[in-house]
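Undergrad: Structure for this input, please:
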Amino acid sequence: MSAQGMPSMDPRPTGLTIGTYDTYREAQRAVDYLSDEKFPVEHTTIVGNNLRQVEKITGRLTWGRALTAGLASGAWFGLFVGLLLGLFTTNNMIAALITGIALGAFFGLVFGGLSYAQSAGRRDFTSRTAVVATTYDVLCDFKFAEEARNHLAKLALKGEVHPLLPQQPHSQQDLP
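TA: Next comes the predicted model:
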């Protein structure tokens, strides 16, 4: 417990590896299975290994695309503002909506153009960025690790997940 009475959250993972999986979904399924088996899952942790930042390029950024994106995002924000104004007005709600959308679209168009002009061609593409891991380990506190491994062995036999087998060290006899 910390000084304020709240449990401390140590970000460093501890415990024994009870399973290693190719995807986060498989690691999550393993923990979900443990929960279904009434295992105390609060003693488990999913750890992503070898993290990489992946940027998927989605297209070329042009003046038209920059202005259209600015116009669209501004119109959505204007719709939100128009709805808020319309809720608190006793007059015409439709007029508040149309005014909000029009002003939002105009300012979005202006700011979309200004931000594209400021980039001066240094980043003329659009992209999505994600952090991904090459493998995911499921760790468990030492006290519960054997029980957890037994449960996960049953899950692997069902064929729902495909845990990675641990690399065995080569013996001298296996070498050429």
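
Undergrad: what about the strands in the chain?
TA: When secondary structure is read from DSSP state E, the chain shows strands at 16-21, 44-49, 52-60, 125-132, 135-140.

Undergrad: so who does the residue nearest to Thr17 when sequence neighbours are not counted touch?
TA: Nearest residue to Thr17, sequence neighbours excluded (CB to CB, 6 or more residues apart in numbering): Asp137, at 4.8 Å. To be clear about C-beta, it is placed using only N, CA and C from the backbone, and glycine gets the same treatment. Asp137 makes contact with 17, 19-21, 27, 46-47, 49 under the criterion CB atoms under 8 Å, 6 or more residues apart in numbering.

Undergrad: if we can go back for a sec, columns distance to Leu103 and mean pLDDT on top of the strands of the chain, output as JSON lines?
TA: Shown next, in JSON lines, are the strands of the chain (distance: least, CB to CB, whole Å; pLDDT from 0 to 100):
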{"stretch": "strand 16-21", "distance to Leu103": "50", "mean pLDDT": "94"}
{"stretch": "strand 44-49", "distance to Leu103": "44", "mean pLDDT": "95"}
{"stretch": "strand 52-60", "distance to Leu103": "28", "mean pLDDT": "94"}
{"stretch": "strand 125-132", "distance to Leu103": "26", "mean pLDDT": "92"}
{"stretch": "strand 135-140", "distance to Leu103": "47", "mean pLDDT": "95"}
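
Undergrad: For the lengthiest helix in the chain, name the packing helices and strands.
TA: Counting residues, the longest helix in the chain under DSSP state H turns out to be helix 93-119. In terms of contacts (3 or more CB pairs under 8 Å, 6 or more residues apart in numbering; DSSP states H and E), helix 93-119 is packed against helix 63-87.
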